[in-house]
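Peer 1: what follows is a predicted protein model with its sequence.
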Amino acid sequence: MSPIWLQEFWRLFIFILSMSFIGFLIGQTLLLLLITTIIYIVWHLYNIYRLENWFLKNNQLPEAAGIWGEIFYQLYRRQQRHRKRKRRLSLILKRFRRSTAAMPDAAVVLDNKFEIEWFNIAAKKLLGLKSPQDRGKLITNLIRNPAFATYIKIIDDYEKGIKLVAPNNPQMILNFCMIPYAGNQYLLIAHDISQLHNLEQIRRDFIANISHELRTPLTVIQGFIETMRDNEDVAMKQWQRPLLLMDQQSNRMRNIIEDLLFLSRLECEGVQKNIEKSINIAEIVTSIYEEAQLLSTEHNFTLEVDKNLTLNGHAKELRSAFSNLVFNAIRYTPAGGEIKIRWYQDMEVKHFAVHDTGEGIAPEHLPRITERFYRVDVGRSRDKGGTGLGLAIVKHVVNHHNGKLRIESIVEKGSVFYCDFSW
Ligand code: ADP
């Protein structure tokens with residue numbers, strides 16, 4: 001028992017005892033005991049009244065003796081602590097608002113129904129929000145874009161963000177990112193990426209144009225090389241080897257140009273455009289398997305396909321990606337190695353997989369292996385006729401199909417390249 005309760009108990013005990021004694025002296029013990037009880041109850045009721053009054057009017061702390069004094073004091077201390085915390089929180093909130101107001105990015109606080117609670121100055125400029133009219137409005141009524149409406153509904157996609165044209169300026173490109181916080185609130189950040197977007201566009205156009213421009217002169221050069229190689233003239237005999245090398249190198253150049261053009265097309269085309277329904281992937285994979293067998297008689301190939309498993313997408317792109325993986329397996333697996341090609345479904349996900357028992361890829365190369373022109377060994381890749389663009393194409397095609405390229409590899413043991421499709 002706490003000392004304050006002990007004190008209260010003694011106080012009550014002495015009070016009852018003295019009242020009983022007086023009652024005994026005057027021969028009215030029961031009456032005095034009743035009066036004692038009434039006084040005690042009235043004292044409690046009075047203090048409850050003061051407590052309620054204090055809560056309602058928030059005036060000066062009431063003073064009292066005994067247990068009520070302690071209760072008032074403890075409540076007062078709690079109230080002080082609460083006020084201090086509230087002051088600190090409002091100071092933090094003020095600082096947060098001041099800093100977000102100064103931010104060049106638009107920041108919008110949304111409630112659990114995606115209604116606007118607060119926004120900073122940059123949000124007025126970048127998103128065209130108006131204060132106070134737009135407070136309490138649904139964000140999707142102000143950023144009227146179906147892609148945005150879909151993005152904010154799928155919490156798993158929040159990290160990826162979404163690039164969209166600014167609602168009030170078609171020249172401006174914004175990257176939107178939703179951040180959930182405090183359980184049921186969201187912070188929407190919009191960052192102006194117009195400059196980056198334009199640079200990216202310039203890079204894409206440059207690669208597409210230069211590849212296109214190089215293709216025509218190269219075709220002419222290749223035509224002449226072919227004619228000269230076919231020439232039976234004795235004087236041309238000594239030129240046969242240089243011509244053969246020229247032919248090989250110009251072929252390599254043509255392959256690079258074709259791959260670059262293909263990559264540019266993949267980057268420019270919208271993801272959802274011209275989707276073919278229920279593509280017969282088993283047929284595509286079987287024909288790649290047959291081509292691979294013709295290309296290399298030194299490897300052992302196995303094929304495992306689910307004939308009923310189809311996919312929606314772009315048949316040409318998929319064929320190119322899958323054959324890139326199979327031809328890479330041939331390229332980087334020594335003679336006598338095993339190559340297994342699979343098309344199967346596991347749970348809800350469809351997989352295309354190529355297993356090989358080749359040289360494998362060291363873990364430090366894996367994060368960059370799908371970048372354009374990234375090779376583990378540049379010399380070897382060139383010798384084997386690689387362009388350095390194969391995996392970049394595969395990654396683009398798989399992403400184009402809402403899929404994921406997954407690589408598992410052990411040096412000297414082999415690799416498995418998976419294309420996982422969830423639709
Ligand atoms: P490349 O035209 O050089 O093959 P890719 O983009 O197809 O270009 O592949 C990039 C690099 O990844 C290759 O240079 C090679 O080092 C490595 N690589 C690709 N596939 C395999 C594989 N099946 N086994 C081992 N290494 C591979």
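Peer 2: That came in fine, so what should we check first?

Peer 1: got the residues of this structure near the ligand?
Peer 2: Within the chain, the residues that sit near the ligand (CB under 6 Å from any ligand atom) are 328-329, 332, 356, 358-361, 369, 375-377, 381, 386-392, 415. For glycine as for every other residue, the C-beta is placed from the backbone atoms N, C-alpha and C.

Peer 1: can you show me the strands along the stretch 251-400 of the chain?
Peer 2: Taking DSSP state E, counting those that start in this stretch as the test, the strands found in the stretch 251-400 of the chain are 276-279, 300-305, 311-313, 338-346, 349-356.

Peer 1: elements contacting the first one?
Peer 2: On a contact count with 3 or more CB pairs under 8 Å, 6 or more residues apart in numbering; DSSP states H and E, strand 276-279 meets strand 311-313, helix 315-331.

Peer 1: and the average pLDDT for it is what?
Peer 2: Confidence over strand 276-279, taken as the mean pLDDT, stands at 91.

Peer 1: circling back to that earlier point, redo the helices and strands packed on strand 276-279 as CSV? Include mean pLDDT.
Peer 2: As requested, the helices and strands packed on strand 276-279 are arranged in CSV below (pLDDT from 0 to 100):
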stretch, mean pLDDT
strand 311-313, 93
helix 315-331, 95
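
Peer 1: will you turn these into TSV that also has mean neighbour count and distance to Leu34?
Peer 2: Conversion of these to TSV gives the following (neighbours: other CB atoms under 10 Å; distance: least, CB to CB, whole Å):
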stretch	mean neighbour count	distance to Leu34
strand 311-313	20	89
helix 315-331	21	96
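
Peer 1: am I right that Glu304 is in contact with Arg342?
Peer 2: Yes - contact criterion CB atoms under 8 Å: Glu304 and Arg342 qualify, at 4.5 Å.

Peer 1: out of those two, which sits in the more crowded spot?
Peer 2: It is Arg342, of Glu304 and Arg342, that has more neighbours when counted by other CB atoms under 10 Å, with 17 against 13.

Peer 1: give the contact list for the more buried one.
Peer 2: Counting by CB atoms under 8 Å, 6 or more residues apart in numbering, Arg342 makes contact with Leu303, Glu304, Val305, His351, Phe352, Ala353, Val354, His355.

Peer 1: rerun that using 10 Å as the cut-off
Peer 2: When contacts are counted by CB atoms under 10 Å, 6 or more residues apart in numbering, Arg342 is found next to 285, 302-306, 351-355, 416, 418.

Peer 1: and the gap between it and Leu174?
Peer 2: Using CB to CB, to the nearest Å, one gets 42 Å for the distance from Arg342 to Leu174.

Peer 1: so what's the gap between the worst-scoring helix or strand of the chain on mean pLDDT and the chain middle?
Peer 2: For the chain, scoring each helix and strand by mean pLDDT, DSSP states H and E identifies helix 378-383 as the least confident one, at a mean of 77. On the basis of CA atoms, centre = their mean, to the nearest Å, helix 378-383 sits 35 Å off its chain's mean C-alpha point.

Peer 1: so what touches that helix?
Peer 2: Taking CB under 10 Å, 6+ apart as the criterion, the residues outside helix 378-383 that touch it are 252, 328, 331-332, 359, 373-375, 377, 386-388, 390.

Peer 1: partner strands of the strand ranked longest in the chain, with direction?
Peer 2: Counting residues, the longest strand in the chain under DSSP state E turns out to be strand 169-181. Strand pairing for strand 169-181, using DSSP bridges, gives strand 162-166 (antiparallel), strand 185-192 (antiparallel).

Peer 1: nearest to Asn399, of those?
Peer 2: Taking CB to CB as the criterion, Asn399 comes closest to strand 162-166 out of the strands paired with strand 169-181, the separation being 14.3 Å.

Peer 1: reformat the helices and strands packed on strand 276-279 as TSV; add distance to Leu142.
Peer 2: Supplementary listing: the helices and strands packed on strand 276-279 in TSV, determined by distance: least, CB to CB, whole Å:
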stretch	distance to Leu142
strand 311-313	33
helix 315-331	37
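
Peer 1: which one is whatever residue of the stretch 151-300 of the chain ends up closest to the ligand nearest to, not counting chain neighbours?
Peer 2: The minimum distance from the stretch 151-300 of the chain to the ligand, using CB to the nearest ligand atom, falls at Asp259 (8.4 Å). By the measure of CB to CB, 6 or more residues apart in numbering, the closest residue to Asp259 outside its immediate chain neighbours is Leu389, 4.0 Å from it.

Peer 1: same check, this time on Thr140
Peer 2: Distances taken as CB to CB, 6+ apart place Ala149 nearest to Thr140, at 4.9 Å, with adjacent residues excluded.

Peer 1: just checking, what packs against the helix or strand harbouring the one you found?
Peer 2: With elements taken from DSSP states H and E, the one containing Ala149 is helix 146-153. Counting contacts by 3 or more CB pairs under 10 Å, 6 or more residues apart in numbering; DSSP states H and E, helix 146-153 is packed against helix 139-142, strand 162-166, strand 169-181, strand 185-192.

Peer 1: if we can go back for a sec, any chance of a PyMOL selection covering the buried ones in the contacts of helix 378-383?
Peer 2: A single PyMOL command is used to select the members of the contacts of helix 378-383 judged buried by 16 or more other CB atoms under 10 Å:
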select buried, resi 328+331+332+359+374+375+386+387+388+390
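
Peer 1: His212: which of the contacts of helix 378-383 is nearest?
Peer 2: When these are compared against His212 (criterion: CB to CB), the nearest one is Thr387, at 16.7 Å.

Peer 1: of the helices and strands packed on helix 146-153, which is nearest Gly336?
Peer 2: Of all the helices and strands packed on helix 146-153, it is strand 162-166 that lies closest to Gly336, at 48.1 Å by CB to CB.

Peer 1: for the record, mean pLDDT for that closest one?
Peer 2: Taken as a whole, strand 162-166 has an average pLDDT of 93.

Peer 1: report the angle between it and helix 146-153.
Peer 2: Orientation of strand 162-166 against helix 146-153 (axes from the mean of the first three to the mean of the last three CA atoms, to 10 degrees) gives an angle of 140 degrees.

Peer 1: contacts for strand 162-166 next, please.
Peer 2: Counting contacts by CB under 10 Å, 6+ apart, the residues touching strand 162-166 from outside are 106, 125-128, 143, 145, 147-148, 150-152, 171-178, 190-194, 196-197.

Peer 1: looking at the helices and strands packed on strand 276-279, which is nearest to Gln248?
Peer 2: Ranking those by distance to Gln248, with CB to CB as the measure, places helix 315-331 first at 16.0 Å.
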